[in-house]
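Engineer: sharing a model prediction with you, sequence too.
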Amino acid sequence: MQEKTTTYMSTLIELATQEMTAAIHAWFDDRLRRTDLEDAVNRTTLQMGIFNDFLLDYKPGRTTADDLDLGFEDDDARPRAPARLDDAQVRELIAPQLTALVQARLAPLVDTPMIDYRFTFRGKFQTAQGKLHLTLLEYVNDGKRQALLERIHTYIGQTLTQGKHPTKPLETFFLARHLLDPQLFPQLDVAWSIAQYERIQALNKTQPDALAKHRADIIHAITQWAENVFLPQFYDRALSAYRATAYTLKAGAAPDAQALQPIDLLLYGAVMILRHEPSYAKSKGLKFLEIARELGSERAVRMLKEGSGSFPDDAIHLKNALLECRANDVFATISITIASEEEDAYAQALAFITHLLQNGFPKSYQIKLKSKVKQYLPLKGLARSDTHRFFANALGYASLQPQLQAYARAAVETFEFYADTEGEKNCMPGSYATFGLGLLDARYFPLVQHYMAQVDEEHQSVQDQFTAAFAEKHGVTQDTIPALVACLRACTDNAKVRIQAQLEEVETLELFCQQLQGLDGYLVEHMLYPIWGKLEKLAALARKAQGRRKELLLALLAAASKADA
């Protein structure tokens with residue numbers, strides 16, 4: 001019996017080794033077939049090679065090899081059958097063979113563009129004891145490493161320190177990560193690294209779209225450093241594809257001042273996330289702050305109470321006989337207490353908010369309001385929140401309309417939403433002011449157009465209700481049509497805009513058609529749907545129409561059908 005068991009286990013080890021060996025060979029062979037390796041590394045001086053990480057994930061019959069490990073544990077981490085390798089067998093009998101194989105495949109490639117200055121080979125193995133994680137090889141090409149360090153310092157000196165022009169996002173993609181790489185910079189200089197990140201943003205501030213890409217790469221690099229280098233010293237973490245990473249302070253963890261020196265970089269990353277990432281990502285920034293507080297950072301305590309410290313005191317706190325305003329950019333909240341319900345109180349509050357937004361306060365904020373007045377806009381579907389109430393109250397003062405417009409233009413930004421709205425009531429900052437002004441006066445129709453051009457209709461639908469109210473209030477005229485068409489363009493497919501009767505007039509229909517000229521067919525169809533529904537209904541009207549009206553309806557149908565051509 002003992003002999004049969006030994007033979008069976010030997011066979012199992014041999015089959016497992018063969019399966020993993022085949023996966024390793026397949027990975028290397030597949031990458032060697034690439035013909036663009038040299039072109040890829042020639043895009044920037046800050047890249048020495050393409051691949052630096054190799055993960056072998058052994059699951060009997062389903063072994064995979066990849067250059068990316070998301071870190072998530074699957075549901076098959078515990079064995080389902082008794083015929084599994086032991087941890088000891090993997091460590092002592094299989095791992096040495098796999099390491100030797102990878103070393104042999106790696107050796108002729110280390111000086112080629114295929115391999116970066118470093119290369120890590122890791123394995124995850126399903127065993128009888130569960131999931132076994134091993135780092136099997138950590139290779140560093142010191143020649144490439146030294147060359148990369150020289151290139152980094154040359155780039156920083158010439159392009160960042162002395163440079164005066166926008167930089168390339170690809171360069172930031174690599175540099176942001178290199179600065180936090182322990183193999184390149186064993187002694188992390190937090191202040192110096194942050195200075196480089198700030199310089200990148202300063203050089204690219206004239207190009208908002210590019211700046212957003214640079215910031216995203218800086219945030220990603222700091223997040224990866226925090227989660228994979230800094231925090232694992234003090235925390236056990238549970239990764240999941242379905243929920244936020246859970247951090248548990250290690251038993252007996254008592255980090256000293258030396259170990260906590262880099263905590264300012266964690267705080268810098270937290271503020272970057274809170275100020276520049278979309279709403280759904282901000283929870284990670286708050287988590288980093290809470291962890292820093294738990295680790296004993298007094299600065300984190302102050303930030304959670306008073307804000308990041310990025311704004312002067314007079315910008316985040318205002319108090320007089322009329323009102324008190326207090327802002328916290330960490331929680332993206334502006335607390336306003338109106339002591340005296342009068343025009344100047346709201347004027348001061350609007351100036352306070354607008355100044356903050358113009359100077360980098362998170363756009364996805366909310367107002368916490370204490371006021372005796374409870375006004376709301378005459379629109380269905382809007383959240384009856386403090387933020388909504390503040391702007392509805394301010395709209396009651398006609399002299400504040402220009403100031404409300406200035407606020408709206410400072411607030412409007414795609415992919416940002418008031419923090420106290422969600423679901424069907426989700427709305428972009430600036431919504432309440434824009435809607436109120438757009439319903440009040442034709443002077444603000446250009447503001448409506450500006451707002452609608454920024455709407456992300458996949459994540460908000462309140463523009464549907466505004467468009468219906470706008471059409472009912474102002475009708476379809478030469479003055480209103482540009483704004484109305486901008487609204488229709490931003491509407492969802494659930495919008496209903498009752499202007500068919502007004503478009504019975506040939507002159508009005510002609511104006512409407514002119515606004516749709518040159519647009520893509522799918523967009524024209526999208527804009528016609530809230531008015532007539534499916535194109536078949538419009539086609540039926542066209543068949544019954546006569547003269548110029550028939551020509552115009554047919555022209556609309558033709559414009560909407562261009563996408564099918």
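Structural biologist: Arrived safely, thanks for sending.
Engineer: tell me the secondary structure at K131.
Structural biologist: strand (DSSP: H, G, I helix; E, B strand; the rest coil).
Engineer: any idea how far it is from S461?
Structural biologist: 44 Å (Cβ to Cβ, to the nearest Å). Just so you know, the C-beta spots here come from the backbone N, C-alpha and C atoms, and that holds for glycine as well.
Engineer: packing partners for the lowest-mean-pLDDT helix or strand in the chain?
Structural biologist: Among the helical and strand segments of the chain, the one scoring lowest on mean pLDDT, DSSP states H and E is helix 2-32, with a mean of 83. Counting contacts by 3 or more Cβ pairs under 8 Å, 6 or more residues apart in numbering; DSSP states H and E, helix 2-32 is packed against strand 51-58, strand 64-66, helix 95-106.
Engineer: out of the ones you listed, deepest packed?
Structural biologist: Highest mean neighbour count of the helices and strands packed on helix 2-32: strand 51-58, a mean of 19 (counted as mean count of other Cβ atoms under 10 Å).
Engineer: report all helices and strands that that one contacts.
Structural biologist: helix 2-32, strand 64-66, strand 115-127.
Engineer: buried sites along the first one?
Structural biologist: Within helix 2-32, the residues scored as buried using 16 or more other Cβ atoms under 10 Å are I13, A16, T17, M20, T21, A23, I24, W27, F28, R31.
Engineer: give me the element the closest residue to G381 other than its chain neighbours is part of.
Structural biologist: Closest residue to G381 apart from its sequence neighbours, by Cβ to Cβ, 6 or more residues apart in numbering: Q465 at 4.6 Å. When elements are defined using DSSP states H and E, Q465 is found to belong to helix 462-474.
Engineer: distance from the chain centre to the helix or strand following that helix, please.
Structural biologist: Using DSSP H and E, the next helix or strand after helix 462-474 towards the C-terminus is helix 481-490. On the basis of Cα atoms, centre = their mean, to the nearest Å, helix 481-490 sits 28 Å off its chain's mean C-alpha point.
Engineer: quick one, which of the helices and strands packed on strand 51-58 is nearest to L249?
Structural biologist: Minimum separation from L249 across the helices and strands packed on strand 51-58 (Cβ to Cβ) falls at strand 115-127, 25.3 Å.
Engineer: partner strands of the closest one and their direction?
Structural biologist: Here strand 115-127 has these sheet partners by DSSP bridges: strand 51-58 (parallel), strand 130-140 (antiparallel).
Engineer: what about Q97, distance to R91?
Structural biologist: Taken as Cβ to Cβ, the span from Q97 to R91 is 12 Å.
Engineer: what's the neighbour count on the closest residue to R293 other than its chain neighbours?
Structural biologist: Of all residues beyond its chain neighbours, the one nearest R293 is A300 (4.2 Å), with distances taken as Cβ to Cβ, 6+ apart. Residues within reach of A300, counting by other Cβ atoms under 10 Å, total 23.
Engineer: now the buried residues of helix 2-32 as JSON lines including distance to L357?
Structural biologist: As requested, the buried residues of helix 2-32 are arranged in JSON lines below (distance: Cβ to Cβ, whole Å):
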{"residue": "I13", "distance to L357": "64"}
{"residue": "A16", "distance to L357": "59"}
{"residue": "T17", "distance to L357": "61"}
{"residue": "M20", "distance to L357": "55"}
{"residue": "T21", "distance to L357": "59"}
{"residue": "A23", "distance to L357": "53"}
{"residue": "I24", "distance to L357": "54"}
{"residue": "W27", "distance to L357": "49"}
{"residue": "F28", "distance to L357": "52"}
{"residue": "R31", "distance to L357": "48"}
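Engineer: show me where the stretch 301-450 of the chain has its helices.
Structural biologist: 313-316, 343-358, 386-394, 401-411, 431-440, 445-454 (DSSP state H, counting those that start in this stretch).
Engineer: before we move on, the earlier item: just so I know, which of the helices and strands packed on helix 2-32 lies nearest Y397?
Structural biologist: Using Cβ to Cβ, these put strand 51-58 closest to Y397, at 60.0 Å.
Engineer: next, the angle helix 2-32 makes with the closest one.
Structural biologist: 150 degrees (axes from the mean of the first three to the mean of the last three Cα atoms, to 10 degrees).
Engineer: flag the shaky bits of the chain, pLDDT-wise.
Structural biologist: 1-9, 69-83, 240-242, 563-565 (pLDDT under 70).
Engineer: which strand residues bridge G123?
Structural biologist: In beta-bridge terms (that is, DSSP bridges), G123 pairs with L56, L134.
Engineer: tell me which residues touch it, please.
Structural biologist: Going by Cβ atoms under 8 Å, 6 or more residues apart in numbering, G123 touches L55, L56, D57, Y58, A95, L98, L132, H133, L134, L136.
Engineer: and with 10 Å instead?
Structural biologist: G123 is in contact with 20, 54-58, 65, 90, 94-95, 98-99, 102, 132-137, counting by Cβ atoms under 10 Å, 6 or more residues apart in numbering.
Engineer: check R118 too.
Structural biologist: Per Cβ under 10 Å, 6+ apart, neighbours of R118: 48-49, 52-53, 138-142, 144-145, 148, 181, 183-184.
Engineer: between those residues, which sits nearest A398?
Structural biologist: D181 (58.8 Å).
Engineer: what distance do you get for that closest one to I222?
Structural biologist: D181 is 12 Å from I222, by Cβ to Cβ.
Engineer: what do you get for R498?
Structural biologist: From R498 over to I222 (counting by Cβ to Cβ), the distance is 51 Å.
Engineer: of those two, give the one with the bigger neighbour count.
Structural biologist: I222 (26 against 11).
Engineer: which is the next helix or strand following the strand or helix carrying T172?
Structural biologist: Secondary-structure assignment from DSSP H and E places T172 in helix 169-178. Note on helix 169-178: by DSSP H and E, the next helix or strand toward the C-terminus is helix 190-203.
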